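Participant: Need coordinates for the following:
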Amino acid sequence: MPRPRLDHVRKAQILSAAASVLSERGYANTRVVDIATAAGTSPAAILYWFDGKDGLLAEALRLREQEFHDRYTVKAEHRATASDQLRVLIAAMLHHYDWKLWMELCVLALRDKAAAAERDRMDRRWRAALRGVIRVGQARGEFVASDPDETMFVLAGLLDGLAPLLALKAKGVTKERVERVWLAEASRLLGPGFDSSPLKRTR
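Facilitator: Okay, here's the model as predicted:
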């Protein structure tokens, strides 16, 4: 079988289009032809390069996650204090992360081992970043002494539980409310060295 020509569309462009379509329409309501149309290519080309819709979803989210990491994790690392680093990460996760696409991957992970492995890898990366900032803050004396893994577990779980409700537009759940609750809990766990004032929106 000859390799489909992708002269006018790069693989990353297909993944970007897939991420947008899947996030907007949901996995169940998205067809390969929908993604092909958005990417400006053919279904045959997509099916050649990717392992069907399942593989495309996992790779699309991997691309989005890498873009997110490159933009916000690197930005956080350049902040002077651990408190500011943590605030950059949380503002980004709360206001810029694609939770709809993440939820689609979680559903797929229930029946697909490759998707489950990808979900686990992304989750471990996010938790490691959060744990790392907590440890830095404790080492510098900014945050109170505690088990950094337990503190991370609570703060990650709080955001992981509430942010999807925002994507679902659950009644009574707003970004302002989730932000306020998360900052209050972080302040309780990390101590007065953590800046719990309202977050500034990151770009």
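Participant: does Pro43 really touch Thr37, like I thought?
Facilitator: No. Here Pro43 lies out of contact with Thr37, judged by Cβ atoms under 8 Å, at a distance of 9.1 Å. From N, CA and C alone the C-beta is placed, and that goes for glycine too.
Participant: so how far is the lowest-mean-pLDDT helix or strand in the chain off the chain centroid?
Facilitator: Within the chain, confidence by mean pLDDT, DSSP states H and E is lowest for helix 52-68 among all helices and strands, at a mean of 76. Centroid separation between helix 52-68 and its chain, computed with Cα atoms, centre = their mean, to the nearest Å, is 11 Å.
Participant: and if you look at stretch 185-201?
Facilitator: Distance, centroid of stretch 185-201 to centroid of chain: 21 Å (Cα atoms, centre = their mean).
Participant: do the same with stretch 192-203
Facilitator: Stretch 192-203 sits 19 Å away from the centroid of its parent chain (Cα atoms, centre = their mean).
Participant: swap in stretch 158-170?
Facilitator: For stretch 158-170, the distance to the chain centre is 12 Å (Cα atoms, centre = their mean).
Participant: Only alpha carbons, please: show it as PDB.
Facilitator: Presented in PDB, the C-alpha positions along stretch 158-170 are these (Å, rounded to 0.1, in the frame of the first residue of the first chain):
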ATOM      1  CA  LEU A 158      -9.300  18.100  44.900                       C
ATOM      2  CA  LEU A 159      -8.500  19.700  41.500                       C
ATOM      3  CA  ASP A 160      -9.000  16.400  39.600                       C
ATOM      4  CA  GLY A 161     -12.400  16.000  41.200                       C
ATOM      5  CA  LEU A 162     -13.700  19.500  40.800                       C
ATOM      6  CA  ALA A 163     -12.300  20.600  37.400                       C
ATOM      7  CA  PRO A 164     -14.200  17.900  35.400                       C
ATOM      8  CA  LEU A 165     -17.400  19.300  37.000                       C
ATOM      9  CA  LEU A 166     -16.600  22.600  35.500                       C
ATOM     10  CA  ALA A 167     -16.300  21.000  32.100                       C
ATOM     11  CA  LEU A 168     -19.800  19.400  32.700                       C
ATOM     12  CA  LYS A 169     -21.100  22.800  33.800                       C
ATOM     13  CA  ALA A 170     -22.500  21.200  37.000                       C
END
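Participant: Sort out which residues of it are buried, please.
Facilitator: For stretch 158-170, burial by neighbour count (16 or more other Cβ atoms under 10 Å) applies to 159, 162-164, 166-167.
Participant: In space, what's closest to the residue most central in space within the chain - neighbours in sequence excluded?
Facilitator: Nearest to the mean C-alpha position of the chain, by Cα atoms, centre = their mean, lies Tyr97 at 4.7 Å. The shortest distance from Tyr97 to any residue other than its chain neighbours is 6.3 Å, reached at Phe68 (Cβ to Cβ, 6 or more residues apart in numbering).
Participant: For that neighbour, give me its contacts.
Facilitator: Phe68 sits next to 92, 96-98 when contact means Cβ atoms under 8 Å, 6 or more residues apart in numbering.
Participant: just Asp195 next, same as before
Facilitator: 83-84, 87.
Participant: Now do the contacts for the nearest residue to Arg64 once chain neighbours are set aside.
Facilitator: In space, and not counting its chain neighbours, Arg64 is closest to Ala19: 5.1 Å by Cβ to Cβ, 6+ apart. Applying Cβ under 8 Å, 6+ apart to Ala19 gives the contacts 60-61, 63-64, 98, 101.
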